[in-house]
Structure formats: structure tokens, C-alpha cells
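**Q** Could you look at this predicted model? Sequence included:
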Amino acid sequence: MTVPEDFPHAHFSNGHPYSLYERIHRAGPVRHPGGGYWVVGTHAEVRTVLARPDLFRSRDGILLEETPDSYEAPPTITHTDPPDHTRYRGLVAPAFRPAVLRRLEADVRDRVRVLLDPLEPGRPFDAVAELAVPLPLQVICLLLGIPETDWARFHRWSEAIVPGAADMSEEERNALRVECGTYLLAAAHERREGPPGGDVVSQLALAELDGDRLTDLELVMFLIQLLVAGNETTRHAISGGLRALADHPGQWSALRSGAEAIDGAVEEILRWTSPVVYFMRTAAEPVPLGGVKIAAGDRLMVLYGAASRDRAAYGPDAGCFDIARRPEAGLLAFGFGPHFCLGAALARMEIRIVLEELLERGYERIETAGEDEHNGSTVVTGLRRCPLRPV
Ligand code: HEM
């Protein structure tokens with residue numbers, strides 16, 4: 001089997017291409033005919049690759065277009081390997097500690113309530129525009145310490161930064177990226193000069209690596225990554241999760257009656273939506289993987305969403321949405337190993353609160369109220385429009 005030459009670009013207009021993923025599961029690592037890289041999609045292979053940054057490096061690029069000859073590794077948490085990665089991660093990990101998240105929870109709940117207040121039984125609403133876009137954006141801005149008056153600008157910036165998230169010319173994208181970087185850098189410099197706050201911008205502005213403050217480039221890359229990582233991903237999990245509950249009214253009823261736990265629904269929503277499509281790794285040395293020989297310098301496309309639907313890991317019903325599922329195979333939607341998503345607990349909290357607050361309102365069910373629209377992205381996939389109706 002080979003993957004089509006136009007993979008991934010022509011295959012995400014309706015979200016994850018599950019039938020292609022099934023063929024990849026059966027075939028094991030598959031060589032892309034044009035790109036020359038390996039496509040890796042079984043649960044076991046994805047986990048193996050992510051667990052071994054010594055064998056499968058991030059520093060040679062994590063996006064398809066970041067090829068070693070065209071690119072210089074930026075100083076970011078995602079583009080480094082241990083030990084550099086460990087030091088970067090240590091700077092920002094405290095902001096995601098359980099105690100910090102517990103303090104944030106009441107604020108997040110308030111935001112969810114404000115966003116849900118306009119909902120009326122029987123009235124259609126767009127779960128993307130009215131809930132899934134503003135919530136994660138507001139939460140990440142709260143965490144970063146961005147004033148509320150600037151939140152709208154952050155939405156536009158985050159759209160510009162995720163490849164394929166919005167229809168925009170490259171020129172427009174670049175201009176917005178620069179604008180965002182300039183804003184964040186100015187905010188960090190302000191924190192260095194004025195009284196520091198308890199927010200992440202202050203923490204990074206004042207952080208030191210081996211006695212030196214972060215460079216401007218490091219600061220910008222760090223902050224932009226947090227903004228983007230916490231936004232599009234959680235957005236697609238929320239909207240895709242609500243859409244799945246609308247398509248499976250029995251599961252909404254099981255949540256309402258308390259027959260099924262909300263935490264189980266959150267895990268299944270994450271597996272089901274798996275918003276991150278792929279990141280790349282590069283083999284540091286020759287290594288066998290799933291029956292093929294990977295050569296030193298070979299690139300691998302790690303498909304998180306494919307691993308999430310692997311029957312070998314989740315059973316023959318891996319393609320069914322089932323909030324009662326308690327899989328032994330771990331969730332891979334947040335990755336695995338040293339790069340495991342730093343914001344996983346935050347994302348889980350946001351999804352859980354959305355479900356809790358919707359259930360609190362006593363809706364009998366959530367119905368589909370029109371056609372969905374996919375964003376078509378090959379990096380972070382999800383819905384651009386999701387009309388639903390609480391009943
Ligand atoms: C449903 C929501 C989310 C999903 C599916 C998701 C997915 C992922 C995945 C797959 C990775 C692994 C990258 C790799 O293997 O190289 C990752 C890393 C990361 N995520 Fe998330 N993420 C989500 C939400 C968040 C949130 C809310 C934040 C908070 C700002 C966040 C921050 C990060 C950061 C900083 C990393 C880099 C970690 C590292 O390289 O050590 N994510 N995420």
C-alpha cells in the first residue's frame with residue numbers, strides 16, 4: 001500500500017480521512033511516494049516514536065514544510081529534544097500545575113456560563129462561533145495575563161498562525177504573525193520593567209536559563225506557541241464533542257441520568273475528535289519500526305488521529321463514539337512521552353465544565369440544526385461551523 005501522492009493536502013476537507021487511516025493501520029509505516037517520509041498511524045507505532053526522542057527527534061522540524069535544508073530550528077519547546085527541551089519545559093510547566101488550574105476553575109466556569117446564557121431551548125446556535133472559539137481563547141488569555149480589551153485581536157492572530165486554520169493570504173498571515181509577536185514581546189518587556197504579575201507572560205519574562213533571561217526570540221516563540229496550542233485544539237474538541245453528543249442522543253441521556261460519568265465523556269470526546277493531525281519526527285539512527293527499516297535522517301509523519309481510531313488498540317468498535325468506553329490503551333490525542341501536551345489538564349477542565357454547565361441547564365438533548373463546515377486544516381482539524389440546538 002502507498003498513501004496517495006496528494007496526502008495530506010487533499011484529504012482533510014471533511015476532517016480526518018478515516019478510511020485511509022484504516023489502510024495505514026493494516027499496512028504499518030508507509031512511505032509517502034512524493035515526500036519520501038514515513039506515515040505512521042497505528043497506536044503502537046505512534047506511541048513508540050513519541051516515547052523515544054533520542055531515536056526520533058523533534059529538532060529537525062515538526063511540520064511538513066520544516067525540512068532540514070529549508071529551516072533553522074526555532075528555540076521552542078516543541079522544536080527541541082531533551083536535554084534542551086527539558087529545560088524549556090521546566091520554565092512553563094509550573095503554570096499548568098494542578099493547584100494553578102484549580103484556582104482558574106471558577107473563572108473558567110464563569111466564562112462558560114456567560115457564553116451559554118444566550119442559549120434558548122429550540123433556538124439554533126453555532127457551537128463554534130458562540131462557544132468553542134471564545135472559550136479557549138479567553139482561558140489562554142486569562143492564563144497569559146492578557147487584558148480583556150485585547151482578546152478579540154488574539155483570535156485573529158491565532159487564526160493566522162495555525163497553518164490552514166483560516167482562508168488568508170500568506171501576506172496577511174505574515175503581517176498578523178508579526179503584529180502578534182510584537183504585542184507579546186512588548187507585554188513581556190513591560191512585565192520586566194513594572195511589577196510582575198502571577199501570569200505566564202510575567203513568569204517567562206523573568207525566567208532564567210543558566211543565569212540568562214530568555215532572548216526576545218525565545219520569548220516570542222514561547223508565547224505564540226502557548227497562544228496557539230491552547231486555542232484551536234480545545235476549540236475543535238469542544239465543538240466536535242458537542243456534535244458527537246448531538247449525533248448520539250442516547251449518550252447525552254446517559255450523562256443526564258448520571259448513568260455515565262462526565263470524565264468518561266471528556267476522554268471519549270478527546271479520542272473521537274483528536275484535533276492535532278500530525279507532527280513530524282526525524283530518525284537519529286537506523287531503527288526498525290513496525291516491520292520496516294527506518295534509516296538515519298528519515299522523516300516520519302506521526303498521525304495522532306489515526307492512532308485514536310486504531311482497532312488493534314481500542315477494539316473493533318474503535319470507529320464508534322462511546323462515552324462508556326474505558327480503554328486500556330492510553331489516549332494519544334495529547335501525544336505521549338516528553339512532549340506530552342502541557343495543557344492536557346486545562347483542556348480536559350474546559351471540556352468538562354462545558355458539559356457540566358450544559359447538563360445543569362437541563363436540556364433533554366442537543367440536536368443538529370444545519371450542515372457542519374470543516375476547516376480543512378491538515379495540522380489542527382475540526383469544525384469551522386457547527387449549528388446545534390438545545391432542546
Ligand atoms: C484538546 C486540546 C488539545 C490537544 C488535542 C492538544 C494536543 C497536543 C499534542 C498532540 C501535543 C504533542 C506535540 C508533540 O508530540 O510534539 C501537544 C503539545 C503541547 N500542548 Fe497541547 N493540546 C491541547 C490543548 C492544549 C492547551 C489548552 C494548551 C495550553 C496552552 C496546550 C499546550 C501545549 C504545549 C505547550 C505543548 C508542547 C509540549 C512539549 O513539547 O513539551 N495544549 N498538545
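**A** Perfect, I can see it now.

**Q** Output the below-cut-off pLDDT ranges for the protein.
**A** Applying pLDDT under 70 to the chain flags residues 162-166.

**Q** Pick out the residue of it closest to the ligand.
**A** residue 343 (2.0 Å; Cβ to the nearest ligand atom). Placement of C-beta: from N, CA and C, glycine included.

**Q** That residue contacts residue 96, doesn't it?
**A** Yes: at 6.3 Å, residue 343 and residue 96 qualify as touching, with contact defined as Cβ atoms under 8 Å.

**Q** Report the contact partners of the residue of the chain closest to the ligand.
**A** Contact partners of residue 343, counting by Cβ atoms under 8 Å, 6 or more residues apart in numbering, are 96, 229, 230, 233, 234.

**Q** Residue 318 now?
**A** Taking Cβ under 8 Å, 6+ apart, we find residue 318 in contact with 309, 310, 311.

**Q** which one is the residue nearest to the spatial centre of the chain nearest to, not counting chain neighbours?
**A** What sits nearest the mean C-alpha location of the chain, by Cα atoms, centre = their mean, is residue 233, with 3.2 Å. Leaving aside its sequence neighbours, residue 233 sits nearest to residue 275 (Cβ to Cβ, 6 or more residues apart in numbering; 4.7 Å).

**Q** Ok, residue 305 next?
**A** Once flanking residues are discounted, residue 305 sits nearest to residue 274: 3.8 Å by Cβ to Cβ, 6+ apart.

**Q** again with residue 48
**A** Of all residues beyond its chain neighbours, the one nearest residue 48 is residue 289 (6.7 Å), with distances taken as Cβ to Cβ, 6+ apart.

**Q** Give the bridge partners for the one you found, please.
**A** For residue 289, the beta-bridge partners are residue 292 (DSSP bridges).

**Q** can I assume it is in contact with residue 40?
**A** Yes: Residue 289 is within contact range of residue 40, at 7.3 Å (criterion: Cβ under 8 Å).

**Q** out of the contacts of residue 343, who has the most neighbours?
**A** In terms of neighbours by other Cβ atoms under 10 Å, the contacts of residue 343 top out with residue 234 at 27 neighbours.

**Q** Does that residue belong to a helix, a strand or coil?
**A** helix (DSSP: H, G, I helix; E, B strand; the rest coil).

**Q** Could you tell me which residues make contact with it?
**A** Per Cβ under 8 Å, 6+ apart, neighbours of residue 234: 132, 135, 136, 139, 275, 343, 346, 347, 350, 351.

**Q** Likewise for residue 116?
**A** With Cβ under 8 Å, 6+ apart, residue 116 has these contacts: 131, 357, 358, 361.

**Q** make it 7 Å
**A** Residue 116 sits next to 357, 358, 361 when contact means Cβ atoms under 7 Å, 6 or more residues apart in numbering.

**Q** Can I get the buried part of these as one PyMOL selection?
**A** In PyMOL syntax, the buried subset of these is picked out as below (16 or more other Cβ atoms under 10 Å):
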select buried, resi 358
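
**Q** Present the contacts of residue 116 as a markdown table; the columns should include distance to residue 147.
**A** As requested, the contacts of residue 116 are exported to a markdown table (distance: Cβ to Cβ, whole Å):
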| residue | distance to residue 147 |
| --- | --- |
| 357 | 25 |
| 358 | 29 |
| 361 | 30 |
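
**Q** Just send the contacts of residue 116 back as JSON lines, with distance to residue 86 and secondary structure too.
**A** Formatted as JSON lines, the contacts of residue 116 follow (distance: Cβ to Cβ, whole Å; DSSP: H, G, I helix; E, B strand; the rest coil):
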{"residue": "357", "distance to residue 86": "37", "secondary structure": "helix"}
{"residue": "358", "distance to residue 86": "39", "secondary structure": "helix"}
{"residue": "361", "distance to residue 86": "44", "secondary structure": "coil"}
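
**Q** Contacting the ligand as well, which ones from the contacts of residue 116?
**A** With Cβ under 6 Å from any ligand atom as the criterion, the contacts of residue 116 include none near the ligand.

**Q** neighbours of residue 99, just the number please.
**A** Quick note: residue 99 (other Cβ under 10 Å) scores 8 neighbours.

**Q** Next: residue 117.
**A** Neighbourhood size, residue 117 [other Cβ under 10 Å]: 10.

**Q** One more: residue 304?
**A** Neighbours of residue 304 (other Cβ under 10 Å): 22.

**Q** Contact residues of the stretch 101-250 of the chain facing the ligand?
**A** For the stretch 101-250 of the chain, the residues in contact with the ligand (Cβ under 6 Å from any ligand atom) are 140, 225, 226, 229, 230, 233, 234, 237.

**Q** So which of these sit within strands?
**A** Cross-referencing these against strands under DSSP state E gives no overlap.

**Q** For these, work out which two are farthest apart.
**A** 225 and 237 (18.2 Å; Cβ to Cβ).

**Q** Between these two, point out the one with more neighbours.
**A** More neighbours surround residue 237 than the other of residue 225 and residue 237, with 26 against 18 (other Cβ under 10 Å).

**Q** you'd agree the more buried one is up against residue 275?
**A** Yes: Residue 237 is within contact range of residue 275, at 5.7 Å (criterion: Cβ atoms under 7 Å).

**Q** Report the set of residues contacting both of those two.
**A** What both residue 237 and residue 275 touch, as defined by Cβ under 7 Å, 6+ apart, is an empty set.

**Q** what sits in contact with each of residue 289 and residue 40?
**A** Between them, residue 289 and residue 40 share the contacting residues residue 29, judged by Cβ under 7 Å, 6+ apart.

**Q** how about residue 130, what does it touch?
**A** residue 115.

**Q** Give me the distance between it and residue 345.
**A** Distance from residue 130 to residue 345, counting by Cβ to Cβ, to the nearest Å: 25 Å.
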